[in-house]
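Chemist: Sequence plus predicted model, see below.
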Amino acid sequence: MMKQSAQIKKTLVALAVILLFSGCWNRTVFKEYREMEKVSWNRFDIPFFKVPVHKGEALDFYLHLRHHTNYPYNYLDVNITFYLPGGETRSGEYHYKLKDNDGSWKSKGMGELWDIELPVRKGLKISEDGICKVRVENKMTKVETPGIVEIGLIVKKSGDD
């Protein structure tokens, strides 16, 4: 009897963990990436993302950055503009620190490639069904920003991270 009770407890704990993790994974509602030619992001190459949205949703937006170890800066400057289905436009300048104070990448990496999700907007309330267009503009000082492999947009249902 004792052995069976312990087995049931283990099964319930495993099921709870699976449900917890599947709930986290299901938060992502949009994910799209743009690969940069020649591992460099030209200022005039401005990615647009078209995100299907629904009235009443609250969404969290993240900029996905994949960069090379040889990326020459400690930061990334971008302007991100949201064009909401109801005609409203929201825009902001973002300065993302990519390295810790000790000089190590904040990104997760393997080999020479590093990935990081950078928060853009949390809890954006959607007032109409339609398409939310998101424009990501490179605001670095030079025309070419070397070391950028891809830029992406990840959108999740709002919730605790």
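Modeler: Looks like it arrived, so ask away.
Chemist: Just want the most central residue of the protein.
Modeler: Y62 (2.9 Å; Cα atoms, centre = their mean).
Chemist: Now do the same for F44: helix, strand or coil?
Modeler: coil (DSSP: H, G, I helix; E, B strand; the rest coil).
Chemist: how close does it sit to E57?
Modeler: F44 is 32 Å from E57, where distance means Cβ to Cβ, to the nearest Å. Just so you know, the C-beta spots here come from the backbone N, C-alpha and C atoms, and that holds for glycine as well.
Chemist: Between those two, which has more neighbouring residues?
Modeler: E57 (16 against 9; other Cβ atoms under 10 Å).
Chemist: Pretty sure that one sits against K157.
Modeler: Yes - counting by Cβ atoms under 8 Å, E57 touches K157, with 7.0 Å between them.
Chemist: strands paired with the strand or helix carrying E32, and their directions?
Modeler: Assessed by DSSP states H and E, E32 sits inside strand 28-35. According to DSSP bridges, strand 28-35 forms sheet pairs with strand 148-157 (antiparallel).
Chemist: buried ones in the strand it pairs with?
Modeler: 148-156 (16 or more other Cβ atoms under 10 Å).
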